[in-house]
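Colleague: Task: produce atomic coordinates for the following.
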Amino acid sequence: MACNCFEKTAALFKQHISAKVGDALGEIEEAGFEHSLYNFHGGDHSPVALNFQFRYYRKRKGGGLATNKTKLDHLCIMSYCPLCGTKFEGDGIQTEASND
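Modeller: Predicted structure coming up:
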């Protein structure tokens, strides 16, 4: 990966929040960034994505609004590290090791 900012930041958050909770902390079930990604393409990619939320009410045929809300979300994958500004190289070409 181009940088290790997400790992360092996650470790700092976990340490800081654990210290803030103090003796009340029993067991950590989960700690990390939401919307983590696993990318199977080559090159560097952001390990997390921003979620863009879009909520709206559809128009009815009679002109009024529907009672149910429609939800559309879209993940935005970053091209640069938001913490240090390093560019992620993206879909680089990976060569497979041959077993000759």
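Colleague: any weak-confidence spans in this protein?
Modeller: Along the chain, segments meeting pLDDT under 70 span 1, 42, 91-100.
Colleague: residue farthest from the centroid of it?
Modeller: Centroid-distance maximum for the chain: Gly62 at 40.3 Å, with Cα atoms, centre = their mean.
Colleague: Is Ala7 in a helix, a strand, or coil?
Modeller: You called it Ala, but residue 7 is Glu. helix (DSSP: H, G, I helix; E, B strand; the rest coil).
Colleague: Near it, how many residues? Count them for me, please.
Modeller: Glu7: 12 surrounding residues under other Cβ atoms under 10 Å. Yep, even glycine has a C-beta here, placed from its N, CA and C like the rest.
Colleague: Can we start the residue count at 29 from this point?
Modeller: Sure, I'll start counting at 29 from here, so that last one is Glu35.
Colleague: From Val49, how far off is it?
Modeller: With distances taken as Cβ to Cβ, to the nearest Å, Glu35 is found 21 Å from Val49.
Colleague: Then Asp72?
Modeller: 34 Å.
Colleague: same check, this time on Phe61
Modeller: 19 Å.
Colleague: quick revisit: which residue of Asp72 and Val49 possesses the greater neighbour count?
Modeller: Asp72 (17 against 11).
Colleague: And the strands in this structure?
Modeller: Using DSSP state E, the strands of the chain run over 77-87, 93-105.
Colleague: List the strands paired with the first one, with their directions.
Modeller: Within its sheet, and counting by DSSP bridges, strand 77-87 is paired with strand 93-105 (antiparallel).
Colleague: Pull the contacting residues for Phe82.
Modeller: Taking Cβ atoms under 8 Å, 6 or more residues apart in numbering, we find Phe82 in contact with Lys99, Leu100, Asp101, His102.
Colleague: Would you confirm that the third one contacts Ala77?
Modeller: Yep, that's Asp101 we're talking about. No: Asp101 is not in contact with Ala77 according to Cβ atoms under 8 Å; the separation is 10.6 Å.
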